[in-house]
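Undergrad: Model the following, please.
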Amino acid sequence: MNLSETTGSMVGLPGPFAGPSMNCRACHLVDEHTATQPDFMRTYTDFALRSPIPDRGDGKRTAPRNSPPLVIASLDRPGRTLFHFDGEFSTLEDLIVGTLTVRNFGWLPGQKAEAIHHIAQVMRGDNGKGPIATMFDGLPYLILFTGSNSNNPDELRLPSEFRVFIGSATDQEIFDAVVKVVAAYVNGLRFSQTDDAGNLIRSQFDVF
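TA: Numbering: from 1, shown residues only. This is a model prediction of the structure:
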């Protein structure tokens with residue numbers, strides 16, 4: 001986490017998430033390095049040949065691949081939609097479960113239940129004071145995920161299919177809600193497909 005894994009001349013570039021625990025954005029980067037390297041804009045991907053994973057003492061330090069870009073990753077394709085370069089997952093939800101609960105996030109075989117419990121505890125213990133949360137009204141997940149709390153501004157009010165009562169929900173119910181929200185977020189990561197007049201502006205060579 002202290003350094004961004006790179007190929008070529010960027011070796012030693014400080015990691016934007018040095019200090020906190022492993023998270024999705026540690027590998028799916030956007031503009032974290034543009035302050036010092038203006039050309040290093042990413043579309044939710046990293047600079048590595050193979051993305052680094054947490055050290056668990058088993059000799060493994062990278063994933064089999066780097067982190068594919070997430071922007072437009074969820075667009076419909078002819079035939080069927082597959083995720084990861086080797087088609088490892090057929091749905092975003094499966095991909096998210098398979099990331100949050102396995103070796104990429106530091107979990108060893110047989111620790112899936114522990115991973116789900118950990119994520120549920122993070123959701124229960126959130127106080128809304130994290131640096132990103134403070135940019136969005138500083139509301140904890142306990143309030144945001146009810147969807148109907150009077151403190152929720154309209155733009156942060158979750159539709160009913162994404163809601164969960166974190167205070168009384170099981171670990172699995174909380175985890176399932178997290179997976180749904182993350183999938184919806186990734187589905188929204190899309191370049192503009194049309195101009196203001198509705199004309200298609202993407203490349204004629206796109207296969208999406």
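Undergrad: Which residue, other than its chain neighbours, is closest to the residue most central in space within the chain?
TA: The centroid of the chain falls nearest to Cys24 when counting by Cα atoms, centre = their mean (4.2 Å). Spatial nearest neighbour of Cys24, excluding adjacent residues (Cβ to Cβ, 6 or more residues apart in numbering): Thr99 at 7.2 Å. For the C-beta atoms, the positions are set from N, CA and C on the backbone; glycine is no exception.
Undergrad: Distance check, the one you found against Met22.
TA: Distance, Thr99 to Met22, using Cβ to Cβ, to the nearest Å: 10 Å.
Undergrad: now do Leu144
TA: Here the criterion is Cβ to Cβ. By it, Leu144 lies 22 Å from Met22.
Undergrad: who's more crowded, those two?
TA: With neighbours defined as other Cβ atoms under 10 Å, Leu144 and Met22 compare such that Leu144 has more, 24 against 16.
Undergrad: ok, the more buried one - contacts?
TA: Asn152, Leu156, Leu158 (Cβ atoms under 8 Å, 6 or more residues apart in numbering).
Undergrad: I'd like those residues written out as a markdown table, with neighbour count and pLDDT added.
TA: Shown next, in a markdown table, are the contacts of Leu144 (neighbours: other Cβ atoms under 10 Å; pLDDT from 0 to 100):
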| residue | neighbour count | pLDDT |
| --- | --- | --- |
| Asn152 | 17 | 82 |
| Leu156 | 14 | 87 |
| Leu158 | 18 | 92 |
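Undergrad: out of these, who's nearest Thr6?
TA: Closest approach between the contacts of Leu144 and Thr6, by Cβ to Cβ: Leu156, at 35.4 Å.
Undergrad: just checking, Leu108 touches Arg56?
TA: Yes - contact criterion Cβ atoms under 8 Å: Leu108 and Arg56 qualify, at 6.0 Å.
Undergrad: Okay, helices next: where are they in the protein?
TA: Taking DSSP state H as the criterion, the chain carries its helices at 92-100, 112-125, 141-144, 171-187.
Undergrad: Just name the shakiest helix or strand of the protein by mean pLDDT.
TA: helix 141-144 (a mean of 93; mean pLDDT, DSSP states H and E).
Undergrad: which residues touch stretch 183-195?
TA: Contacts for stretch 183-195 (Cβ under 8 Å, 6+ apart): 44, 70-75, 92-93, 96, 162, 200-202.
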